[in-house]
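Participant: What follows is a protein structure lacking sequence information:
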Ligand SMILES: Cc1cc2nc3c(=O)[nH]c(=O)nc-3n(C[C@H](O)[C@H](O)[C@H](O)COP(=O)(O)OP(=O)(O)OC[C@H]3O[C@@H](n4cnc5c(N)ncnc54)[C@H](O)[C@@H]3O)c2cc1C
């Protein structure tokens, strides 16, 4: 039989574009693949999977390059990159969109906006819709429209098997339904290479956005007011709060309300009446301007980083808030922070076992952030994140699989809770040889384990 050839745009270490093609958003875990294939169509993806199987080459798949732990990279192997497959086809009659797996959020929002539509997804424009959706997907419309994966109708995926070792399959609620269940929160990289996602869309026009800031002295009062208000207020309002380091001296709450600014001002009263806000702004804008408002340029730029996170199922007691304050008073540098987003609403009305995304009872998603400029600072920053996470663990639950952390020991429970067993069964059905693997990938279910 003729040997399989890689097809698509291929970049190797000898090419001048290799460095740019190799790096991800997190520069602190560098990897040096032997080849990167930028697939242009499904046939290229099929060929890439056949090629790695025939040549027994380690591989990873990649799209938006935002994996915190660079699970989309591997040393001395092939990167199957789908980012140049980013076509979006809108079906205005059915109010759906078929989005190729390489599209990033910026492209998705801009394209759908041309039709006055959107999906609920994340805030940074360079994040890949694929990685985000497969792990759940939270953002500024979560409480109104649910997680990104809750709006998924169907996926197309190249899996191992079939003709010469790779085949294209579909999964939805009626067909390959177990795989579809697993793709709604089970995380990227586990079962096959997704080539397209079909979503139901939501009509959107004007929204209102807000921003309230406080200084360090209002730390406890501002966070406490936000945590008791944000998950319980009007469902059309999703918000975030970032607690910055003492040096940065800023607590900033922001959010998006699908309704008029007059109503948002009313809803905000439990926040704006707390402490002494240094600024308050509320404005009504076309939806796409709200998208740009939350898209922070520094998040999109590659940097030396460490992030981790957790969920809150109930508000923090004063002791936990004080713990955060102490850590932020002794942060490695000014850019360290703790970020939160409100959950509940539509995302909380789905049972934990209805999709693979387990933490439906969470009221808040929490994230710990550190960035630095020189690799000698790495140890100190990582230690700060891990110690902070440990100190807050008596008050938090689980971890979001889209905020992976290689230091989590019991990651199966942390990411998937009671859904882990079923995920392993799905893995056994679709990738029993564990071809798709990385340090925290779902292993196949073997009865004798
Ligand atoms: C700056 C920043 C902002 C973020 N903001 C948000 C946010 O607002 N909301 C939120 O929920 N999350 C957010 N995240 C987390 C984000 O959801 C995850 O990092 C997500 O995995 C990124 O997907 P990606 O395609 O960009 O990354 P990649 O690194 O390309 O891929 C991530 C994972 O998916 C796998 N994968 C890639 N392509 C495919 C494919 N075609 N088929 C199957 N698996 C594939 C990879 O192998 C890897 O395991 C943010 C992350 C960063 C760094």
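Facilitator: Okay, I see it. From a predicted model like this one, the values you see are computed outputs, not experimental measurements.

Participant: Which residues are in contact with residue 392?
Facilitator: 310, 320, 323-324, 366 (C-beta atoms under 8 Å, 6 or more residues apart in numbering). (Each C-beta comes from the backbone N, C-alpha and C, glycine too.)

Participant: what pLDDT does the residue of the stretch 301-449 of the chain found nearest the ligand get?
Facilitator: Of all residues in the stretch 301-449 of the chain, residue 402 sits closest to the ligand, at 3.7 Å by C-beta to the nearest ligand atom. Per-residue confidence (pLDDT) for residue 402: 98.

Participant: Which residues of the stretch 51-200 of the chain lie near the ligand?
Facilitator: Within reach of the ligand by C-beta under 6 Å from any ligand atom, the stretch 51-200 of the chain has these residues: 60-68, 71-72, 82, 101, 122-124, 127-128, 130-132, 134-135, 137-139, 188-189, 193-194.

Participant: hang on, the earlier thing: how about the residue of the stretch 301-449 of the chain closest to the ligand: what's its closest non-neighbour residue?
Facilitator: Distance criterion C-beta to C-beta, 6 or more residues apart in numbering; nearest residue to residue 402, sequence neighbours excluded, is residue 135 at 3.5 Å.

Participant: Might one say that the one you found is in contact with residue 185?
Facilitator: Yes - applying C-beta atoms under 8 Å, one finds residue 135 in contact with residue 185, separated by 6.5 Å.

Participant: Could you chop the chain up by domain?
Facilitator: 9-81, 88-203+418-430, 206-395 (automatic domain parsing).

Participant: To residue 446, which of those domains lies closest?
Facilitator: For the domains of the chain, distance to residue 446 was read as C-beta to C-beta. The smallest value, 7.4 Å, belongs to domain 88-203+418-430.

Participant: Residue 210: what secondary structure?
Facilitator: What DSSP: H, G, I helix; E, B strand; the rest coil gives for residue 210 is strand.

Participant: show me the contacts for it.
Facilitator: 239, 253-255, 257, 264, 268, 280-283.

Participant: Work out the gap between the helix or strand of the chain with the lowest mean pLDDT and the centre of the chain.
Facilitator: Lowest mean confidence among the helices and strands of the chain (mean pLDDT, DSSP states H and E): helix 297-300, at a mean of 82. In this view, helix 297-300 has its centroid 14 Å away from the chain centroid, taken as C-alpha atoms, centre = their mean, to the nearest Å.

Participant: rewinding a little: let me have the contacts of residue 392 in TSV, adding distance to the ligand, secondary structure and pLDDT as columns.
Facilitator: Output for those, formatted as TSV (distance: C-beta to the nearest ligand atom, whole Å; DSSP: H, G, I helix; E, B strand; the rest coil; pLDDT from 0 to 100):
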residue	distance to the ligand	secondary structure	pLDDT
310	14	strand	98
320	23	helix	98
323	24	helix	98
324	20	helix	98
366	13	strand	98
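
Participant: Go ahead and build a PyMOL selection from the buried members of those residues.
Facilitator: A single PyMOL command suffices to select whichever of the contacts of residue 392 are buried according to 16 or more other C-beta atoms under 10 Å:
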select buried, resi 310+320+323+324+366
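
Participant: The closest residue to residue 291 other than its chain neighbours: how many residues sit nearby?
Facilitator: The shortest distance from residue 291 to any non-neighbouring residue, by C-beta to C-beta, 6+ apart, is to residue 109 (4.8 Å). Around residue 109 there are 23 other residues, counting by other C-beta atoms under 10 Å.

Participant: Return the distance of residue 109 relative to the ligand.
Facilitator: 12 Å (C-beta to the nearest ligand atom, to the nearest Å).

Participant: list the contacts for that residue?
Facilitator: With C-beta under 8 Å, 6+ apart, residue 109 has these contacts: 118, 121, 125, 288, 291.

Participant: cool, residue 198 as well?
Facilitator: 96-99, 152-155.

Participant: which one of those residues sits closest to the ligand?
Facilitator: residue 155 (8.8 Å).
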